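A.B. asks: Could you look at this predicted model? Sequence included:
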Amino acid sequence: MPRYLIRRLGQAVLVVAGVIVLTFAVMRLVPGDPAVAYAGPKATAAELAEARRRFGLDDPLPVQLWNYVRDLLGGDWGTSLHTRQPVRDDLFQAFPASLELVGAALIIALVAGIPLGIAAARYKGRLPDLSVRLSSMLAVSVPVFWLALALQTVFASGLGWFPVAGEYDASLDRTSPLHLYTNITAVDALITGNWPILTSTLSHLVLPALVIAAYPAGVVAQMTRAALIEESSRDHARLERALGFGETAVLTRFALRPALNPVLSLIALVFAYSIVNGFLVEAVFNWPGLGRYAADSIRSLDTPAIAGVTLLVAVLYVIANLAVDLLQGVVDPRVRAR
Amino acid sequence: MTAPALPVFRRTPLRRLAGVDRLAVAGAVLLGIVVLAALLAPWIAPYPEDGGSATHPLEALLPPSGAHWFGTDQVGRDVLSRVLFGARTSLLIAVAVLAVSGVAGVILGVVAGYAGGWARDVIMRVTDIFLAFPALLLSLALAVVLQPSVTTVIVAIAVTWWPWYARLTASVASSVATRGFVDSARCLGVPAPLIVLRHVLPNSLTPVLVQLSLDGGGVILTAAALSYLGLGAHEPTSEWGLMVQQGQSLFTTDWWVVTFPGLAILVTAFSFNVLGEGLRARLSR
Amino acid sequence: MSLISVRDLVVRIGDRVIASVPELDVAAGECVAIVGESGSGKTTTLLSTLGLVHGADVSGRITVGDVDVLTASPARLRDIRGSRAALVMQSPQAALNPTMRLGTLMRRALARHGVKGADARERAEEGVRAVLLDPEILRRYPHQVSGGQAQRFAIALALALGAQVVLADEPTSALDVTVQAEVVAVLRRLRDERGLAVLLVSHDLALVSTIADRVVVMRDGAVVESGPAAEVFTRPRDPYTRELIAAVPALPDAGPALPDAGPALPERAEGS
């Protein structure tokens, strides 16, 4: 394994450790007493003391932190106050749905953003460029929850083109039950050939995925444009022109690949951002993912659950970053050589 | 190297500059309008008392008309007036967050970039950790444990925002710190704090200012999202995210209650982005 | 008959003339060198022969073979780029796409000019061998080859595409002295054995004296002197040329020997 990979892995582990400490610190800021929240307002002093002992709230902070880390590593992410289930199980259930939604959104964003970025770079300074730039700035400026409400009102409630809410038509569970493998509905439906659920899921996906895609599509279009313009002003682009390739060929057949590098590293950042943006969209479309879970947890001040969601997303971000670094080795041979 | 003296683009530098400036100017004008609306809200709002706790139950949910351009909300308040007052809340949050996180980030970044060594390592690792949380996520967690209010929103967002400026400043400062004039100042025995103040800071500031204007949009969106989730401003404060949340069930029947505050968020975030983009393009040439 | 012919070329940006060349011809088997310092308009002149100068007004008459460069359609222009006259650039690795194996670039360039399949493979290997490289190099990425190899590969590209003229823009200034000699030796051999024409742009008089048949001296966009290399070097007419030659102490005996590391022309600092 190249040295830079080992260094990146070490950094990632360090960041995850810091993320855990920071999450712990934030949760300790809770003004209310978690024991009260758990035992209920009418609990007796004995019940409270029991709850405090159970949560280890009497221990000194470093001990509590140590216990917290030990439990996390041992797979115990605490118990949710509102579902009374282990947080880890809750997250395992909710996460695949979020992944499905954000995955669909990122695919839309790449499929739309990269060609738009190419078009803008090809016609730099002209009308296509200006319209791509302005619309991508609009896309990153739109409040997602508002866009979600607007699309839902117009295309679902109003025109009836798409379902209003949910992940798929629940009545299908009776007529064509779904076997779960990955817990990602669309993927499971695809690999088991469950067409009714697949089509239902896809039609439910369209609106929320489009809303979440707005931001990454704008960012990807802008980044692709900038990277292509930079790449096509380099020496190698001049050589490619001198070999008889036209502007479009230089951009798509030569500049695009090195230009995708910065776009890819952006995707990791955008992925985590989109998961969180997805929280708001899931709430509007009642999508059974992390966002709905987070919203319910926020409403009931369910600190272990919120800590779990926070930790999961932050760790995901670190992993996504790491994955991108590995991917860059595939796209850019210079990185591999390092 | 003997790079050819020729620019490879078709437009002359002068026209490019003008084109870029147009974008920055458009953003500045748009943002200026929003700022004016915020400053002058008590005087230009048709029903200034509606920006607060006034209610007119008999005039609830009137569609847009000459008397109420943006219609009225569930309790009969003029939506236009509330949108105008909402600009105050949003801009206040944006300015406060950018000021707090900008100052904190620049100070830490300059220290990290100029001092180098372990100070740099520690500061950079801490920023790594903060950057692993998407801004909205950490602010969400913070806003849950603090009491919902405008101040909470400011604190929560500022806590997640400073690392970006620390990063940016550190990289600029460390490249400035190795340039000749800083070296010669150091050789002349100029004390470190003075060097930082005179040379490193001014050079680091331009990219940070551009980044601040680019980020204004993000802060506005995050603040609106927190309020939409009920973690920020609460009644009777006029706040766009809150207005959307309170009106969301009415979207199909009384569209104006939700549409106008949402558009206000969009326009404000857009103006920040256009301004920042224009400035960045100019700076990076 | 000349492969490249330039008449009354004037390149302007706004009101400023950045290159003005009344007459320049390059015939088969001949090496013509344009010398001058940075900003003298030599690279602009070189690029204008392929119509690669953008953002400037180009007037006059440039022909490459039977193609009138300034009036040809963009498609016709692209057809002759590489296949009639090919560019070799200054910075060897930066001139090659970092994400592409040399063989891929070669294959795409050949396909662009209508050579595909086994034919293309043969032409690629033949071109690479002609510049004394192992065909194995086609499997490598730019960062895996040396500067000298990269420059020779660029020449191989020109040969494989059937170009009769190589337009070399400071082809050796980024290389070590010994590697410079290699590249120059390859160019000289191809000129002598295959009748390849070379239009060389350089600020390095020592290098130029080892290969050029004719020399054009440019300063501030204008040609100050031109003529057979021997004549220009031994009996310079223009004071500027004399100044240039005086700055290179070893010149008179340079002859066919390898260029030494003698001082090059002062580079004018240029922000770009």
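C.D. replies: Received the coordinates, thanks.

A.B. asks: The lengthiest helix in chain B - what's its average pLDDT?
C.D. replies: Secondary structure assigned by DSSP state H gives helix B:79-115 as the longest helix of chain B. Averaged across helix B:79-115, pLDDT comes to 89.

A.B. asks: Report the buried residues of that helix.
C.D. replies: Buried residues in helix B:79-115, counted by 16 or more other C-beta atoms under 10 Å in any protein chain shown: B:79-91, B:93-94, B:96-98, B:100-102, B:104-115. In this view, the C-beta of every residue, glycine as well, is placed from N, C-alpha and C.

A.B. asks: Spatially central residue (nearest the centroid) of the chain, please.
C.D. replies: Picked chain A for this. Centroid-nearest residue in chain A, with C-alpha atoms, centre = their mean: A:Ile275, separated by 2.8 Å.

A.B. asks: wrong one, I was asking about chain C
C.D. replies: C:Ala168 (1.4 Å).

A.B. asks: bridging residues for that residue?
C.D. replies: Listed beta-bridge partners, C:Ala168: C:Val88, C:Leu200 (assigned using DSSP bridges).

A.B. asks: So it is in contact with C:Ala197, correct?
C.D. replies: No - between C:Ala168 and C:Ala197 there is no contact under C-beta atoms under 8 Å: 10.8 Å.

A.B. asks: mind listing what A:Ser157 touches?
C.D. replies: A:Val164, B:Phe251, B:Thr252 (C-beta atoms under 8 Å, 6 or more residues apart in numbering or on different chains).

A.B. asks: What residues does the stretch 201-338 of chain A have near chain B?
C.D. replies: A:233, A:238, A:272-273, A:275-277, A:279-280, A:283-284, A:294-295, A:298, A:301, A:303, A:306-307, A:309-310, A:313-315, A:317-318 (C-beta under 8 Å from any C-beta of the partner chain).

A.B. asks: for chain A, what are the nearby residues on the stretch 51-200 of chain C?
C.D. replies: So far as C-beta under 8 Å from any C-beta goes, the stretch 51-200 of chain C lies against chain A at C:52, C:74, C:78-83, C:86-87, C:89-91, C:94-100, C:108-109, C:112-113, C:141, C:143-144, C:154, C:157, C:161, C:167.

A.B. asks: Ok, the stretch 151-285 of chain B next?
C.D. replies: By the rule C-beta under 8 Å from any C-beta, the part of the stretch 151-285 of chain B lying against chain A is B:217, B:221, B:224-225, B:228-231, B:241, B:244-245, B:248, B:251-252, B:255, B:258-259, B:261-262, B:265-266, B:269-270, B:272-274, B:277.

A.B. asks: Those residues in strands, which ones?
C.D. replies: Among these, the subset assigned to strands under DSSP state E is empty.

A.B. asks: Could you tell me which ranges of the chain sit under the pLDDT cut-off?
C.D. replies: Going with chain A. A:1-2, A:29-41, A:54-56, A:329-338 (pLDDT under 70).

A.B. asks: Chain C was what I was after
C.D. replies: Applying pLDDT under 70 to chain C flags residues C:1, C:249-272.

A.B. asks: Write out the residues of it neighbouring chain B.
C.D. replies: Counting by C-beta under 8 Å from any C-beta, the residues of chain C that sit close to chain B are C:13-14, C:18, C:38-39, C:41, C:43-44, C:47, C:53-56, C:90-91, C:170, C:173-174, C:203, C:267, C:270, C:272.

A.B. asks: again, 6 Å this time
C.D. replies: Proximity of chain C to chain B (C-beta under 6 Å from any C-beta of the partner chain) is limited to residues C:Ser38, C:Gly39, C:Thr43, C:Thr44, C:His54, C:Gly55, C:Glu170, C:Ser272.

A.B. asks: what's the most distant pair in the residues you listed?
C.D. replies: Greatest spatial distance in the residues of chain C next to chain B: C:Gly55 and C:Glu170, 21.1 Å, computed using C-beta to C-beta.

A.B. asks: Mind checking which of the two has more residues around it?
C.D. replies: Neighbour totals were compared for C:Gly55 and C:Glu170, and C:Glu170 leads with 23 against 13 (other C-beta atoms under 10 Å in any protein chain shown).

A.B. asks: okay but the more buried one is in contact with C:Gln90, surely?
C.D. replies: Yes - C:Glu170 is within contact range of C:Gln90, at 4.1 Å (criterion: C-beta atoms under 6 Å).
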